[in-house]
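Visitor: Any chance you could fold what I've pasted below:
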Amino acid sequence: MRDLVEIGMGRTAMRGYDLDDVEIVPSRRTRSSKDVSLAWQIDAYRFDIPLVTHPTDAIVSPATAVRVGELGGLGVLNAEGLWARHENVEERLAEVVRAAEEEPDPAVAQKLLQKLHAAPIRPDLLALAIKQVKDSGVTVAARVSPQHAEELTPHLLAAGVEVLMVQGTIVSAEHVARDGEPLNLKRFIAELDVPVIAGGVGDYRTAMHLMRTGAAGVIVGFGESRSATTTQVLGIGVPMATAIADAAAARRDYLDETGGRYVHVLADGALNFSGDIAKAIACGADAVMLGEALAEASESPAQGYYWTAAAAHPSLPRSEITAFDGAGADLETVLFGPSSDPLGVLNLFGGLRRAMAKTGYRELKEFQKVGLMLRR
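Guide: Residues are numbered from 1 along each chain as shown. Here you go, the predicted model:
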């Protein structure tokens, strides 16, 4: 039974827990970290580490998507981002970074980003960006918003996209529209031959609804980070430990309901340190979506700045352009070390591997059963 707390006369709220509220409990067994596998597979696509990038121009260019793929993860291009709208995107990003660094008013850089995103999407530029990733031989993934999914997906498939992500701040299986025809996610997915990852969601019921659309994966969370302002702007937030556990429960029940169809749970938000990644998997996630944790990599297109795709919304941006001060380590060091940093911001997946070894687990799905304890 869920823990309900009375917040006033006649009004209750469910109690939820963040990743900071839980700790992983060691078991009676340990093992060598050399025996631990971080491999993850969704549909026919196998990856060496359970990493999916948050689809923002700040950290994912075609070149960095390739590099993430070479290192064993899945880089996701934003099909509605700058690479789909402009030539010489590096120069455009440099303008945004320069404005963020030099202008005392942060609104200047924000307005510039909005202006750059006001340019129309060009299918030729989008195809060119995807081709760069495809030609490298790594798995090709792209993100579209629910509003533009039907319009852009044919171009993406023609260009060679192998994994499609339909992601908004909140994605549901049932959207009521006053004008126009809303996206029918179940029909949309059924007509595609590629796996679809959809989200974000924050509770059991919505996760179950998305699973029933035929999605191969469900995104849990709304990209919480130092940059994201969804809670301030919309009042909407989700404690990630509880949200992941609820979605994992939906995955288990849907597995029983369908007689064996497994839908992957991807955690997106509040993942700042290697320990957060370990806790997300321990709560039930199959993989993690990293955004700001990759912002300080030397290959990052925005040179140490980070924002989510919602930063460019024309009328209600929900992300700041935030600077991260780091050592400028390359992406391989961020993911696999070696690290001289004691806080868990480098060697992110080495940290996950060691957490699994210290608690005696060899594979990710086994680690989802590790013991947890609340700090309060």
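Visitor: Quickly find the element holding L126.
Guide: Using DSSP states H and E, L126 sits within helix 123-136.
Visitor: With A355 instead?
Guide: With DSSP H and E as the test, A355 turns up in helix 348-358.
Visitor: do the same with E87
Guide: E87 belongs to no helix or strand, assigned by DSSP H and E.
Visitor: contacting residues around M240?
Guide: Applying Cβ atoms under 8 Å, 6 or more residues apart in numbering to M240 gives the contacts D18, L19, V220, G221, E224, A267, G269, A270, A280, C283. To be clear about C-beta, it is placed using only N, CA and C from the backbone, and glycine gets the same treatment.
Visitor: How much space separates the residue nearest to it when sequence neighbours are not counted from A159?
Guide: The shortest distance from M240 to any non-neighbouring residue, by Cβ to Cβ, 6 or more residues apart in numbering, is to A270 (4.6 Å). Noted for A270: a distance of 33 Å to A159, by Cβ to Cβ, to the nearest Å.
Visitor: by contact count, what packs against the helix holding A355?
Guide: Helix 348-358 is packed against helix 274-283, helix 331-336, helix 364-367, with contacts defined by 3 or more Cβ pairs under 8 Å, 6 or more residues apart in numbering; DSSP states H and E.
Visitor: returning to what we had before: A270 and A159 - which one has more neighbours?
Guide: A270 (23 against 20; other Cβ atoms under 10 Å).
Visitor: and that one, what does it touch?
Guide: D18, L19, D20, G221, E224, S225, M240, D276.
Visitor: Can you give me the end-to-end span of stretch 45-52?
Guide: End-to-end distance for stretch 45-52, by Cα to Cα, to the nearest Å: 12 Å.
Visitor: May I see the buried residues of it?
Guide: Y45, F47, I49, P50, L51, V52 (16 or more other Cβ atoms under 10 Å).
Visitor: and those residues as JSON lines, adding secondary structure and pLDDT?
Guide: Output for those, formatted as JSON lines (DSSP: H, G, I helix; E, B strand; the rest coil; pLDDT from 0 to 100):
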{"residue": "Y45", "secondary structure": "strand", "pLDDT": "98"}
{"residue": "F47", "secondary structure": "strand", "pLDDT": "98"}
{"residue": "I49", "secondary structure": "coil", "pLDDT": "98"}
{"residue": "P50", "secondary structure": "coil", "pLDDT": "98"}
{"residue": "L51", "secondary structure": "strand", "pLDDT": "98"}
{"residue": "V52", "secondary structure": "strand", "pLDDT": "98"}
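Visitor: So which of those is the closest to M211?
Guide: V52 (17.5 Å; Cβ to Cβ).
Visitor: about what we covered before: filter the contacts of M240 down to the ones in helices?
Guide: A280, C283 (DSSP state H).
Visitor: For V288, which three-state class applies?
Guide: Each residue gets one of three states, and V288 gets strand by DSSP: H, G, I helix; E, B strand; the rest coil.
Visitor: Tell me what it is bridged to.
Guide: For V288, the beta-bridge partners under DSSP bridges are L51, A267.
Visitor: Count the residues that sit near it.
Guide: V288, neighbours per other Cβ under 10 Å, totals 28.
Visitor: longest helix in the protein, by residue count?
Guide: helix 240-258.
Visitor: Return the set of buried residues in that helix.
Guide: Quick answer for helix 240-258 (16+ other Cβ under 10 Å): M240, A241, T242, A243, I244, A245, D246, A247, A248, A250, R251, Y254.
Visitor: No more questions from me, cheers.
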